[in-house]
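J.: Fold the stuff below for me.
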Amino acid sequence: MPMNAVYQKPGDLAAVIPVFPLPGALLLPRGQMPLNIFEPRYVAMIDDALRAGHRLIGMIQPDPAHPGPENKPTLYKIGCVGRITQIAETGDGRYLLQLTGIARFHVEEELAVSTLYRQCRVSYAPFVDDFTPRKGEDDVDRAGLLRALSDFLKANNLKADWEGIENAPNEALVNALAMMSPYGPAEKQALLEAPDLKTRAEILVAATEIELAKKTSGGETPLQ
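T.: Numbering: from 1, shown residues only. So this is what the prediction gives:
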């Protein structure tokens, strides 16, 4: 989705951002994530992001291997910042919005703040390639990815818009499939932290093949 703001390098983004911890949520650069915001602390977070003018929200997962306090779970160190590109008020105190992913970030430190929502100082420098659209597309095994997707859909009696899939550029295809995948937090985090598009596609194919093998053998599924 086109954005009014242009982000070409890490310095174009705020170094301190509000973060929204959400298990199983995966936002990737140039991907779109719909959100239904209803908790008062996150409604305040959206208000503040709009008031500040940057319209940025950092999506990040709690780390299930190191849960921490229930009201303040330990976070993974890597998330993805998105810009609010669509927003609507519902009339009952909620926001319906869409985030468009910009770049991944590494959490440098969580700040002690007075806001009810959490804020972190982050670095985008490790993910400078995220600012280049469609970087690494030619290295993706598109045929293997589509084959795994087809097998998964057949095994689960699902249908897809194949015309749209076949016309999608590799980056959009890989990232959309990764974001929509039904895998758990650990798999989603592995997809997020993949060093390049080719590796992300390979992780996605491998996870799909493992799921299909489990399904065929009647074993326990790793999906959550």
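J.: Check the burial of residue 91 by counting its neighbours.
T.: For residue 91, the neighbour count with other Cβ atoms under 10 Å is 6. In short, each C-beta sits where N, CA and C put it, glycine included.
J.: Work out for me the element the most centrally placed residue in the chain sits within.
T.: Nearest to the geometric centre of the chain sits residue 27, at 1.4 Å (Cα atoms, centre = their mean). Assigned by DSSP states H and E, residue 27 falls within no helix or strand.
J.: what does residue 199 give?
T.: In this assignment (DSSP H and E), residue 199 forms part of helix 197-217.
J.: List the contacts of that helix.
T.: 135-137, 139-141, 144-145, 148-149, 151-152, 155, 170-171, 174-175, 177-178, 181, 183, 187, 190-191, 194, 219-223 (Cβ atoms under 8 Å, 6 or more residues apart in numbering).
J.: Also stretch 142-154?
T.: 158-160, 165-166, 170, 173-174, 177, 201, 204-205, 208-209, 211-212.
J.: 10 Å - rerun?
T.: 141, 158-160, 162, 165-166, 168-170, 173-174, 177, 181-182, 200-202, 204-209, 211-212, 215 (Cβ atoms under 10 Å, 6 or more residues apart in numbering).
J.: Check the offset of that stretch from the chain's centre.
T.: 21 Å (Cα atoms, centre = their mean, to the nearest Å).
J.: how near is residue 83 to residue 7?
T.: Here the criterion is Cβ to Cβ, to the nearest Å. By it, residue 83 lies 8 Å from residue 7.
J.: Need the residues touching each of the two.
T.: Looking at what touches both residue 83 and residue 7 (by Cβ under 10 Å, 6+ apart), the common residues are 13, 56, 102.
J.: Do I have it right that the second one meets residue 102?
T.: Yes. Contact status for residue 56 versus residue 102: in contact at 7.7 Å, counting by Cβ atoms under 10 Å.
J.: Which neighbours do those two have in common?
T.: 5, 7, 13, 81-83.
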